Each structure stands twice: as structure tokens, then as C-alpha cells.
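[1] quick one: sequence plus predicted model below, questions after.
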Amino acid sequence: MKTIDLVTTAVRNTFRSKLRTTLTVLALFIGAFTLTLTTAVGAGVTDYVEKQVASLGTDDVFIVTRAAPTTTEGPATYDPATSSASSGTGAPGLPGAGQSDPLTDADLSTLAQINGILSVDPVQAVAIDFIQHEGGQEYEFSINPTSSITRADLLAGKQLSEAASTLEVMIPADYVESLGFASPEDAVGATVQLGLTDVLGAQHQISAVVAGVAQESLLSSGGGANPALVAEAADLQSAGVDAGPVRYPLAVAYFDSSQSEDSIQALNDVITDAGYGAQTIMDQLGVIRTVIDGIVGVLNAFAIVALIAAAFGIVNTLLMSVQERTREIGLMKAMGMRSRRVFFLFSFEAAFIGFLGSATGAPTAVVIGTALNAALSAGPLEALPGLEILLFEPSAIIGIIALIMVIAFISGTLPASRAARKNPIDSLRYE
Amino acid sequence: MTASPIIDVRNISKAYGSGTGRFEALRDVSLQIGQGESVAIVGKSGSGKSTLMHIIALLDTPDAGTVSFAGQDALSLSPRRISELRNKEFGFVFQQFFLTPGTSVLDNVTLPLKIAGMPAGMRKERGLTVLDQFELADKASNKATDLSGGQKQRVVISRALVNEPNVIFADEPTGNLDTATGTVVEDSLFALSRDLGITLVIVTHDEDLAARCDRQIIIRDGAIAAETSRTGAAA
Ligand SMILES: Nc1ncnc2c1ncn2[C@@H]1O[C@H](COP(=O)(O)OP(=O)(O)OP(=O)(O)O)[C@@H](O)[C@H]1O
Ligand SMILES: [Mg+2]
């Protein structure tokens, strides 16, 4: 028998006992539906986090913080040269960055001396009181200390310029309307006033140009300022008063990104040994990804359980078919059909049942999921703009359909081999 | 009987089961059938007629003895070759129609061609030609299971003929037909044998049918008890 005839015959046989096929297909439908949704959740959240973290930018930096003392017993002794005052507040920053003690200039020079570190930049925290546009309403405004080294998820405009001497500010999307701009594009290039109070209590205002408008993000809240603006603000804030050793919540250490992962890890170890905590952007991404993978894994497990149940359904359905068609199999074999062809006839039938289930289940999941997405983004997930909780990737959907067809095919091998082994004479005698 | 027989079976035995349950269905049976001959295998129920037919139709193998088809030793052929032989050279008619439910008359008739790997267009053409011979062309797209008993039997014979076989094996071909339809089926079988030189091997209880064959082989308890030719003389 030609393969094309084998396939069309298998497809036609599928529809011979409609109720039984429908029920089996339904089980696979549920499995395909669930698996499509769970993988879409995984893809959606991963994509979101990746966009967020990728926006954190460069892969040639360590975010360095002071590691909490873990090796000393009892409280550490105070040394004015190296010790720094603990801050309970902690500037908003990268995950894992805000909680530790600040770094001092002494720390920075220690870090700079480590072999392999190209340069170390402190990340300064500046406190802005408000932002205002053309004498309008003043709004509270905070500047994310890491904004100078990260890239924002831009809605309009461009990234902050590290080198420029112009004072640049990046505003979050929800400030656009409040500040009186018609659209994010409208805000780009406008000049805004930033108000701050110096250590002596005097009010100051700085004019800065809006470089871009950033999407609200999971990992970095608040606005951004380029180094020139941060320096200007810090200068004004100190009011020329020496407030003791300068303290930084964290520092950015640059290294040569072309080296191997092992040597980056080695460098990381050196920094850790020196009493600091160092994390690359990728490390930070890894933690988040592990959590997401865990959640998605559990969801997928549910879908797989549904599929396993469906697989038994296929075995059962086809065993019944083989039994029912004993004579037909015997007849075909008597007429010269080879056992292997009989095997494939039933295996293809199983694969086709798998195809029916998955080719209906997956698209249904896409349709329902897309509607759900719109509802969620407008409702409960409004606070996370840019998050598409269900991300349907064509490759994933094709993969799911293929996977289910393979599962179905494998389930079909038991009944199919039973059919193939049937002796034509016994089958013809079968009542 | 012509020069070299198409079917040559010598000293075959077949037993089912083992130990005390062992049952000898065939005992030392030898039989030659010439090309174009019509042979009836008759005997009481359980005497071993179907078993013998299955062995000469290469559906089963004997425990001892030789089976040759068209001069070649069939028992030493590969399973692939045997399947091919059955597909190309044999046509089968069974007592129960063995029509595939839910599929069309045409699909049932062209099943041997489909198994042979013939393209769909040629299958259809060939199938319709055969159905036309049996005045069933207008039923080609009907469901096979919806036909009357006589029509079904004609479909089954069409199926046995569609591959232009050398030998037709029929196990009780008129077993569940009324006399009138049975005669129609018999007539068409013998017409084929006469016109196309097709060899007929018919297992039957029906004495009238057996009497129309060139030869009758009478089986009793797994052995050939007697052989008669149409003239009535013992062989
Ligand atoms: N697979 C088997 N296992 C055991 N015994 C069998 C088997 N097949 C056939 N037999 C026995 O072999 C004997 C011959 O069977 P066979 O089918 O050849 O009889 P038959 O002459 O065709 O009878 P009928 O006219 O009733 O069809 C019977 O006694 C039957 O019970
Ligand atoms: Mg019988």
C-alpha cells in the first residue's frame, strides 16, 4: 500500500467510530489547550523580564555592593577609615542592591585595584523633591540611582547620554500627561524643572531636557538622570558642606566582557573575597528566571498529566478499534498487506487523533488567551505596562502540536503492533 | 488436467494444539490443480476443508509436506514475496462477506489494488469496469453495508476479480444466499473460469455447486477420501 493511501485510509478510519474518536480527541484537546496556555504564560513572563533586565543594559559590569559580614563572630568593630554607616532606607535600585551597607571612597579604590577591573564608578543617590513643567503643578519625582548605567524600555525619545554635558532626564510614562504633554513624543526634548533641597535646607531648581520617556518597569522605578545631571544635583545638594565620607549605595565595576565566563566568575570570586558582593546583570536575571522556570514547570506538569491521561485514552480507543476490525485486518493481510503497513495504518490513525486534538486545542487556547490577555492588561495587570502575560509563539505552538502527535503515535504503537501481529486465518475465523 | 499444475501440494499434514489436546486437521494430503481448472473441496463440517484451502492459498503453512505454486516452492519464499503472490495472483471470496463497514462499494472492491499500491485514478477506473460487469456500477458510491445480500456477494466477487487473479479461492461462496442468488453467483464464477481461464478452488457444502466443478475432492477426517471428476468417474 502506498504511504499516501495508508495516511488517507487512517484518516478515514478515524471517523468511523465518531463518538469514540470525539471523546479521545476531547481529552487531547484539553491537554493541548492547557499546555499551550502554560507555555504561553512562561514565554510571556520570561519575555517581559528579559526585556526589563536587558534594559538594565551592559554585560560588562558588576553591580558591587558591600557584602553583609558573614565570617566575623559578633558585631564588627568600627573603623572610621573603612566602616560606613548603615542606612536603613536604601535607595531604590536593582534587585538585591538596596539592602546592604553603603560603599565609601575607600571601598572604591580597593575595588579599582583589583586586577581585571577596568574602572569603578560610584552610583550616587540624589534626592529630588519635585518635577515641574512650564510652571505647572509640581509632582514628586525620584531618580533611580542606576539609571545612568541602564537602558530604559523606551516609549519615545532616546537613552540617556553618559557623555553629554547637557543635563538629561528620563521620565516615566505616567508623568507625560500629568506634566501637560499630549503624548510621549511631545515630551521628548522639552525642558523641565527639578526641585531639590540642599543639606542646609535651601531650595534649588535645575533645568533638564527630557531625553526620553520610559515604560514603567519591574526592576527600575522612578525616573532617570544622566551623569551630568546627577553630578549637578549632588553638587547643589551638598551645598559645599563636607558631610563626612561620601556614601554610595552601590558601585559599578567595569570589566572586559570579551573574557570567558570562567574568568568572569574568577573575578567575581576575587571581589567577593575582598568583602563585597558582585553580581552581573546576567546573575540577576538568572535568579528571576529560576523562579519563573519553577512556576512554569509546575504549570506544565499539570498539562502533561492531562496528556498522559489522554494517551491512555488513545491506547484504549485503538485497542477497541483493533478488536472491532479484526476481520478487516485479517482480510487485508490475506489480500497481501504486509504487517508493517498494518502497524503504520493504526499508528497513523493514532497520530491523526493526536493531530485533531492538538490542532483544535492549541488555536482555541490562542483565541481565548488573546482575549484574556486584553482583559488582564486592561484590568489586574494594568500596573505592569508592557507585560503580555500570555505570549503565543508560533514555534511553541507547532512544537506542542508535534509533541502531542508524537505522544499519540507512541500510544498507538501498542494497539498497532497487536493489529500487525494478527494472524490472517485466526482473524478470518474471528466471530 | 494440463501439463504442469499451477498448484501442487504433496503429503501435507497439519495439527492444532499439543499433547492430549493435539488434533490432526490434515493428514498426508496430496493435490494437484491445473491452470483453469475448477475444483470443489467438499466434506463434513470440521473435516479440514478450510484448513486445506488456507494452506494452498498460502495463508497458512503445513507442519509437513510441500506446497508449490506455478512451479516454485512456496514454503521457502519470503513473507514479502508470499504477500505479493496473494495480492497479485489470488482472489478471495469468503463466506462472510468481509465488507468494510462505512466505506463505499468502490473502496471495498479496489482494496486489493490499494494494497498493491496502484494509483487512485487507475484503481477507480479498474474498479468501475469490474462493477459494471456485475451491474453494480450505479452502486459504486453507496455504502457497502447498505446493499442486499446478493449485491454484497457480487461486490465480494468483484473484489476477488479486480486484480485479475490467476486463482480464486472461495470458502462457502453461496453459504448464506438463497438459491436464486446463489445460482447467479455460481454462474458468474464459472463464466470467469471458462472465459478468462481463472482457476477456481471452491470450498462448499452445496452439492449442486460442487457438481458444477470439473473435479470434487472429498475430505473426511483430514484426509482425501475420494476424488470425482465431472463425468462421475472416480479419479
Ligand atoms: N486454530 C485452531 N486451533 C485448534 N483447532 C482448529 C483450529 N482451526 C481449525 N481447527 C480444527 O481443525 C478442524 C478442521 O477445521 P476446518 O476449519 O478446516 O474445518 P472445515 O472443514 O472448514 O469445517 P466447516 O465446514 O465447518 O467450515 C476442526 O475440527 C477445527 O476445530
Ligand atoms: Mg470451513
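    In hand now; what should we look at? Ligands and ions are numbered 1, 2, ... in the order given.

[2] what's the following helix or strand after the helix or strand of chain B with the lowest mean pLDDT?
    In chain B, no helix or strand scores lower on mean pLDDT, DSSP states H and E than helix B:179-196, which sits at a mean of 81. Going down the chain from helix B:179-196, the next helix or strand is strand B:199-203, by DSSP states H and E.

[3] what's that next one in contact with?
    B:6-7, B:33-42, B:49-50, B:53, B:56-57, B:166-173, B:189-190, B:192-193, B:209-210, B:213 (C-beta atoms under 8 Å, 6 or more residues apart in numbering or on different chains). From N, CA and C alone the C-beta is placed, and that goes for glycine too.

[4] other residues contacting the helix or strand where B:Thr129 lies?
    Assessed by DSSP H and E, B:Thr129 sits inside helix B:120-133. Counting by C-beta under 8 Å, 6+ apart, helix B:120-133 makes contact with A:5, B:105-106, B:109-110, B:113-114, B:118, B:137, B:139-140, B:155, B:158, B:161-162, all of which sit outside it.

[5] what is the least confident helix or strand of chain B packed up against?
    Applying 3 or more C-beta pairs under 8 Å, 6 or more residues apart in numbering or on different chains; DSSP states H and E, we find helix B:179-196 packed against helix B:149-161, strand B:167-171, strand B:199-203, helix B:207-212.

[6] residue nearest the centroid of chain B?
    B:Phe169 (0.7 Å; C-alpha atoms, centre = their mean).

[7] so it touches B:Arg86, yeah?
    No. Between B:Phe169 and B:Arg86 there is no contact under C-beta atoms under 8 Å: 9.5 Å.

[8] overlap in contacts of the two?
    Residues touching both B:Phe169 and B:Arg86 (C-beta under 8 Å, 6+ apart): B:Ala57.

[9] can you narrow the contacts of strand B:199-203 down to the ones near ligand 1?
    When contact is defined as C-beta under 6 Å from any ligand atom, those meet ligand 1 at B:Lys49, B:Ser50.

[10] so residue 205, which state does it fall into?
    Chain wasn't specified; assuming chain A. Secondary structure, DSSP: H, G, I helix; E, B strand; the rest coil: A:Gln205 is strand.

[11] oops, chain B please
    coil.

[12] if I look at it, how far off is chain A?
    Separation of B:His205 from chain A (C-beta to the nearest C-beta, to the nearest Å): 17 Å.

[13] I figured A:Ala234 hits A:Ala127, correct?
    No. Applying C-beta under 8 Å, one finds A:Ala234 not in contact with A:Ala127, separated by 9.8 Å.

[14] right, and B:Thr23 touches B:Lys14 too?
    In this structure residue B:23 is Phe, not Thr. No. With contact defined as C-beta under 8 Å, B:Phe23 and B:Lys14 do not form a contacting pair (9.6 Å).

[15] angle of the host helix or strand of A:Thr9 against helix B:120-133?
    Using DSSP H and E, the secondary-structure element containing A:Thr9 is helix A:3-14. Here helix A:3-14 runs at an angle of 60 degrees relative to helix B:120-133 (axes from the mean of the first three to the mean of the last three C-alpha atoms, to 10 degrees).

[16] next helix or strand past helix A:3-14?
    Moving toward the C-terminus from helix A:3-14, the next helix or strand (DSSP H and E) is helix A:18-54.

[17] packing partners of the helix or strand that that next one is followed by?
    Proceeding N to C from helix A:18-54, the next assigned helix or strand is strand A:61-66, under DSSP H and E. On a contact count with 3+ C-beta pairs under 8 Å, 6+ apart, strand A:61-66 meets strand A:250-255, helix A:261-273, strand A:276-280, helix A:281-324.

[18] would you list those in JSON lines and tack on distance to ligand 1 and mean neighbour count?
    What follows is these, written out as JSON lines (distance: least, C-beta to the nearest ligand atom, whole Å; neighbours: other C-beta atoms under 10 Å in any protein chain shown):
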{"stretch": "strand A:250-255", "distance to ligand 1": "80", "mean neighbour count": "22"}
{"stretch": "helix A:261-273", "distance to ligand 1": "69", "mean neighbour count": "14"}
{"stretch": "strand A:276-280", "distance to ligand 1": "74", "mean neighbour count": "22"}
{"stretch": "helix A:281-324", "distance to ligand 1": "18", "mean neighbour count": "17"}
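
[19] find me the pLDDT at the residue nearest the centre of chain A, would you?
    What sits nearest the mean C-alpha location of chain A, by C-alpha atoms, centre = their mean, is A:Thr46, with 1.9 Å. At A:Thr46, the pLDDT value in this model is 79.

[20] distance of A:Thr326 from B:Ala191?
    Plainly put, A:Thr326 is 33 Å away from B:Ala191 if you go by C-beta to C-beta, to the nearest Å.

[21] okay, and for chain B, where does confidence drop off?
    Residue ranges of chain B with pLDDT under 70: B:1-3, B:175-177, B:231-235.

[22] show me the contacts for the closest residue to chain A within it.
    Closest to chain A within chain B is B:Asn87: 2.7 Å, counting by C-beta to the nearest C-beta. Residues near B:Asn87 by C-beta under 8 Å, 6+ apart: A:Met335, A:Gly336, A:Met337, B:Pro112, B:Ile115, B:Ala116, B:Asn163.

[23] go with 10 Å
    By C-beta atoms under 10 Å, 6 or more residues apart in numbering or on different chains, the contact set of B:Asn87 is A:1, A:334-338, B:112-113, B:115-117, B:163, B:165.

[24] give me the buried subset of those.
    Among these, the ones that count as buried by 16 or more other C-beta atoms under 10 Å in any protein chain shown are A:Met1, A:Ala334, A:Met335, A:Gly336, A:Met337, A:Arg338, B:Pro112, B:Leu113, B:Ile115, B:Ala116, B:Asn163, B:Pro165.

[25] which one of these is nearest to ligand 1?
    When the buried ones among the contacts of B:Asn87 are compared for distance to ligand 1 (C-beta to the nearest ligand atom), A:Ala334 comes out closest, at 14.9 Å.

[26] who's in contact with that closest one?
    By C-beta under 10 Å, 6+ apart, the neighbours of A:Ala334 are A:424-425, A:427-428, B:54, B:57-59, B:83, B:86-87, B:90, B:92, B:94, B:98, B:112, B:169.

[27] and if you look at B:Ala137?
    By C-beta under 10 Å, 6+ apart, the contact list for B:Ala137 reads B:Val105, B:Leu106, B:Gly127, B:Leu128, B:Thr129, B:Val130, B:Leu131.

[28] tell me how many other residues crowd the third one.
    By that I understand B:Gly127. The tally of other residues near B:Gly127 (other C-beta atoms under 10 Å in any protein chain shown) stands at 27.

[29] distance of it relative to ligand 1?
    30 Å (C-beta to the nearest ligand atom, to the nearest Å).

[30] nearest residue to the residue in chain A positioned nearest to chain B in space, ignoring adjacent ones along the chain?
    Relative to chain B, the nearest point of chain A is A:Gly336 (2.7 Å; C-beta to the nearest C-beta). Spatially, and ignoring its direct neighbours in sequence, A:Gly336 is nearest to B:Asn87 (2.7 Å; C-beta to C-beta, 6 or more residues apart in numbering or on different chains).

[31] and the helix or strand hosting that neighbour, how far from the chain's centre?
    Under the criterion of DSSP H and E, B:Asn87 resides in helix B:79-89. On the basis of C-alpha atoms, centre = their mean, to the nearest Å, helix B:79-89 sits 15 Å off its chain's mean C-alpha point.

[32] for it, list every residue counted as buried.
    Along helix B:79-89, these residues count as buried under the neighbour rule (16+ other C-beta under 10 Å): B:Ile82, B:Ser83, B:Glu84, B:Leu85, B:Arg86, B:Asn87, B:Glu89.
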